[in-house]
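Engineer: Kindly generate the corresponding structure for this input.
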Amino acid sequence: MGSTVTSINFIDEGKLERMPIFQDAHGLAVKFFIQKDITQEIQAELCETITSLGGRVETKVPRQGYILVQPGTAEAERLRLCWTSPDRPERHFVPYTYVEACKIAGMLLKQIFVENGVPIKMHIHHSIANVNARAALSQRIMHSGGDPTASSQSARIILADPNTEVFQHLVKSYEGVPDKYIESYLWVKKCVEKGALLYTPLVYKNPGGRRPGEERTPFTEEDEERLCQWIASKIPFKETGGRTGNRLYQQLCEMAVDPEYAWVTRHTWQSWRERYKKNSVRLDNVITAIVEQKKPAHGEKGQYGYVRKSEERPKRARKKRGKSTEESLHAEEKIIGEINGNMANTPPIIIFPSVSTEQFMSGSQSSTSAMPRRSPDEEEMEDGEDGEEWRIRIGDEPPPTWGKRKAASESSNDPTAKRARLLNYPQQSATDQLEPTPLSEANGEIVATVNLHVIDQALHDIANEYRFTVQEVKEFYDKCGEMERTRARFRKMRQLLSTIPEDIDVETDGQ
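Structural biologist: Numbers count the residues shown, from 1 in each chain. Below you'll find the predicted structure:
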């Protein structure tokens, strides 16, 4: 306690002189007043320390100096109310620990957190969770004249931990509020060391756009010439389109890695595009002159929009069974089932239209989808070659020999001898039943009869659906040999007839 702590000051003569920290530049002692209800032991220690550091303890409140109080007591509040005055800005109220803090700091701590003689209100945010750190920060604020006991609403400065997310939230919440500052807890120490109240400065962040009066990078004639050269090489003919698209100018800026295209960095791709778009009439003339000089061909390699043709891969033909084929298949299966039910001595047989009788009899297991369909003309030619046994009725021709009913069967009233519509089965007599027909002959007759029935049934359906005669449908089918083509033709004819007005006048030959 007896040693004198001095501070180093530079005097006008340039000589270094050591002086106590509680003396001003003129060598006068700094005055202190101690709150009367502080314990005598603390008062005695304060008096000794102040005296040893060059200060002086007064028995009355001085006009200029420091009033040492015990924070939180009624006497401290009474002293503030009685002796705080705007006319005495150099009268400061500090806690009695201020003396020890100045001794540790080695200098007289300035009252920087005071404005117009009133302490600046501060709030220590809960993000500073360490209790000791909060207490030390509070003491440092009070030693420099501030009030750290204010709430977050009334405080002018909120001190928080910058390493937490809540700090950035506070900054964004109060960035538009005047006279409200969010500072780090380290900010107090920086202000004390510099001896001044310095808020964290605001940095201008460009919100976008161009400042008033600020000029962009101007387009030069050389820029326009290079732009026209680029467009002429990529889209030489304007009628192909694409000169105002984005991709053309994006590709231009992507060429910046090439030293020859270093000039593209002068502007953004949007600027290049807008330059052409706003001056297209004038620049198109320049581009046309360049194209006439170079005379490129349409679709030349390097032009915009033209890419290498992909390699053609051979396509494997796949046969798809149409809906009409499936319907015919189901119809034939149904008919064969009826035949099997009526023929007691014949084993059940299901024969598909794409399988010939020869394959069926030889036991061939080939897939039906792998065999090509044959037209009726081809079947007719094959029937003629194979013999009378396979002949079928076509058009108005008389039925084949095997298709004629015997006289005995005509007079028979046996219900089992009845045949399906449009089918001609050879009727067997009682004596014939004792000698069954060979299997190959019976199967051949069934196949021919089924094929005949399916075709005739389909032709009848077309005639009924589109309201034409069966004879007309059969004539066209005999010419083309394709059921789908026949159906499409009569559907089209019915549509055309439907478009003719009903009240049209018919002109006679006499008129």
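Engineer: Least confident secondary structure element in the chain?
Structural biologist: helix 430-434 (a mean of 43; mean pLDDT, DSSP states H and E).
Engineer: Name the nearest residue to Ala129, sequence neighbours excluded.
Structural biologist: Asp161 (7.8 Å; CB to CB, 6 or more residues apart in numbering). For the C-beta atoms, the positions are set from N, CA and C on the backbone; glycine is no exception.
Engineer: and the one you found, how many residues sit next to it?
Structural biologist: Neighbourhood size, Asp161 [other CB atoms under 10 Å]: 17.
Engineer: ok, it - contacts?
Structural biologist: When contacts are counted by CB atoms under 8 Å, 6 or more residues apart in numbering, Asp161 touches 125, 127-129, 167, 184-185.
Engineer: List the ones among these that fall in helices.
Structural biologist: Phe167 (DSSP state H).
Engineer: Are any of the contacts of Asp161 buried, and if so which?
Structural biologist: Neighbour-count burial (16 or more other CB atoms under 10 Å) applied to the contacts of Asp161 gives 125, 127-128, 167, 184-185.
Engineer: picking up where we left off before, pick out whichever of the contacts of Asp161 sits closest to Arg216.
Structural biologist: Phe167 (37.8 Å; CB to CB).
Engineer: was I right about that closest one contacting Ile158?
Structural biologist: No - using CB atoms under 8 Å, Phe167 makes no contact with Ile158, being 9.6 Å away.
Engineer: Rebuild the buried ones among the contacts of Asp161 as TSV, extending it with distance to Gln270.
Structural biologist: Formatted as TSV, these follow (distance: CB to CB, whole Å):
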residue	distance to Gln270
His125	44
Ser127	43
Ile128	47
Phe167	37
Ser184	40
Tyr185	46
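Engineer: which regions of the protein lie under the pLDDT threshold?
Structural biologist: 1-18, 204-215, 298-391, 403-452, 503-511 (pLDDT under 70).
Engineer: cutoff 80 now
Structural biologist: By pLDDT under 80, the weakly predicted segments of the chain are 1-19, 117, 202-216, 296-453, 502-511.
Engineer: those strands in it, which residues are they?
Structural biologist: Shown for the chain, the strands assigned by DSSP state E span residues 6-10, 16-20, 31-34, 56-58, 65-69, 91-95, 114-115, 118-119, 122-124, 157-160, 181-184.
Engineer: Out of these, the one nearest Gln40 is which?
Structural biologist: strand 31-34 (10.5 Å).
Engineer: mind listing what Tyr477 touches?
Structural biologist: 376, 455, 459, 483, 486.
Engineer: Repeat that for Gly145.
Structural biologist: Residues 92, 94, 111-114, 119-120 are the ones in contact with Gly145 under the rule CB under 8 Å, 6+ apart.
Engineer: phi, psi of it?
Structural biologist: For Gly145, the backbone dihedrals are phi 100, psi 0 (criterion: degrees, to the nearest 10).
Engineer: So it versus Leu227, what's the distance?
Structural biologist: Using CB to CB, to the nearest Å, one gets 65 Å for the distance from Gly145 to Leu227.
Engineer: Same check on Leu197?
Structural biologist: 56 Å.
Engineer: Those two: which is more packed in?
Structural biologist: A direct count of neighbours by other CB under 10 Å for Leu197 and Leu227 places Leu227 higher, at 24 against 16.
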